[in-house]
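*Asks:* what follows is a protein structure lacking sequence information:
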């Protein structure tokens, strides 16, 4: 019997959080049990370890980066989120494709002791451009996510844990990362690109540093990036002065390629 529901998520721009809260909230309401949430977006929150028992239903969500689970987050998930109950991997992609991310996340949960009972790939506005799934998840998207959460929970009412047929999940857990392309069709190499800062607009409020999931923005000098930048755009999206942007030519070429080829509305995938 399920006695509680957990929703865990990495959500720099907020889309994954919305989806996980919709799913887990509806699941808890369906089962009449408490719902708890864990946000491991910021570095300080990744000190937390989660060990969930057989009576806990987990919804675990991440965005898709280069067709996989964000590589800087994968070790945390593999090493700190374990359990023996049912789990639902959820990935959110920015209109292009979720590629192998869902298969990878399901595989990690399986290896960490969970029983993968369902899975979902959701569409959310791309961090790079509002031209790619702009405004998603919409209210309609969230309602569908909630319905999926309720349906998943209903299947667990009798105490049995359905096992998702893993062959139904597209992709492969260990497949290569997607190679970003520029408008000319060749690989766009912007791994070391970091946001540029307009010093005339920056008021040094510290918001960018406070939301960086890698803790890489210098709190005293926001124009400095002292560590890895995963291109999540949290600092750009949340800057109150719109003082931050990417100006790297390879990055801009890749963004333009995405806008030219993937502006069509993508669809979510729910399994089963």
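*Replies:* Sure thing, it's come through. Fair warning: this is a prediction, and the values are worked out from it, not measured in the lab.
*Asks:* name the element the residue sitting furthest away from the middle of the chain belongs to?
*Replies:* Ranking residues of the chain by C-alpha distance from their mean position (Cα atoms, centre = their mean) puts residue 200 at the top, at 32.7 Å. Using DSSP states H and E, residue 200 falls within no helix or strand.
*Asks:* phi and psi next, for it.
*Replies:* The phi/psi pair for residue 200 (degrees, to the nearest 10) reads phi -70, psi -20.
*Asks:* ok, it to residue 219 distance?
*Replies:* For residue 200, the distance to residue 219 equals 20 Å [Cβ to Cβ, to the nearest Å]. Heads up, the C-betas are built off the backbone N, CA and C, glycines and all.
*Asks:* so where do the strands sit in this structure?
*Replies:* 4-9, 35-39, 50-52, 56-63, 81-83, 86-93, 115-116, 119-123, 196-197, 244-245, 269-271 (DSSP state E).
*Asks:* could I get those strands as JSON lines with mean neighbour count and mean pLDDT?
*Replies:* JSON lines is the format used below for those (neighbours: other Cβ atoms under 10 Å; pLDDT from 0 to 100):
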{"stretch": "strand 4-9", "mean neighbour count": "24", "mean pLDDT": "98"}
{"stretch": "strand 35-39", "mean neighbour count": "16", "mean pLDDT": "98"}
{"stretch": "strand 50-52", "mean neighbour count": "17", "mean pLDDT": "98"}
{"stretch": "strand 56-63", "mean neighbour count": "27", "mean pLDDT": "98"}
{"stretch": "strand 81-83", "mean neighbour count": "20", "mean pLDDT": "98"}
{"stretch": "strand 86-93", "mean neighbour count": "29", "mean pLDDT": "98"}
{"stretch": "strand 115-116", "mean neighbour count": "20", "mean pLDDT": "98"}
{"stretch": "strand 119-123", "mean neighbour count": "26", "mean pLDDT": "98"}
{"stretch": "strand 196-197", "mean neighbour count": "17", "mean pLDDT": "97"}
{"stretch": "strand 244-245", "mean neighbour count": "18", "mean pLDDT": "98"}
{"stretch": "strand 269-271", "mean neighbour count": "18", "mean pLDDT": "98"}
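*Asks:* residue 157 is nearest to which of these?
*Replies:* Smallest distance to residue 157 across the strands of the chain (Cβ to Cβ): 11.1 Å, for strand 56-63.
*Asks:* could you check the angle strand 35-39 makes with the closest one?
*Replies:* Using axes from the mean of the first three to the mean of the last three Cα atoms, to 10 degrees, the inter-axis angle of strand 56-63 relative to strand 35-39 is 30 degrees.
*Asks:* any idea of the pLDDT on residue 166?
*Replies:* pLDDT recorded at residue 166 is 89.
*Asks:* wait, what's in contact with it?
*Replies:* Shown in contact with residue 166 (Cβ atoms under 8 Å, 6 or more residues apart in numbering): 103, 106, 110, 116.
*Asks:* I'd like the strands of the chain laid out as JSON lines, including distance to residue 173.
*Replies:* Formatted as JSON lines, those follow (distance: least, Cβ to Cβ, whole Å):
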{"stretch": "strand 4-9", "distance to residue 173": "19"}
{"stretch": "strand 35-39", "distance to residue 173": "23"}
{"stretch": "strand 50-52", "distance to residue 173": "21"}
{"stretch": "strand 56-63", "distance to residue 173": "14"}
{"stretch": "strand 81-83", "distance to residue 173": "16"}
{"stretch": "strand 86-93", "distance to residue 173": "11"}
{"stretch": "strand 115-116", "distance to residue 173": "12"}
{"stretch": "strand 119-123", "distance to residue 173": "13"}
{"stretch": "strand 196-197", "distance to residue 173": "36"}
{"stretch": "strand 244-245", "distance to residue 173": "34"}
{"stretch": "strand 269-271", "distance to residue 173": "15"}
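*Asks:* of all these, which lies closest to residue 139?
*Replies:* strand 119-123 (13.7 Å).
*Asks:* circling back: who wins for proximity to residue 258 among the strands of the chain?
*Replies:* Nearest to residue 258, of all those, is strand 86-93, at 11.6 Å by Cβ to Cβ.
*Asks:* on contacts alone, who are the packing partners of that closest one?
*Replies:* When contacts are defined as 3 or more Cβ pairs under 8 Å, 6 or more residues apart in numbering; DSSP states H and E, strand 86-93 packs onto helix 15-31, strand 56-63, helix 101-111, strand 115-116, strand 119-123.
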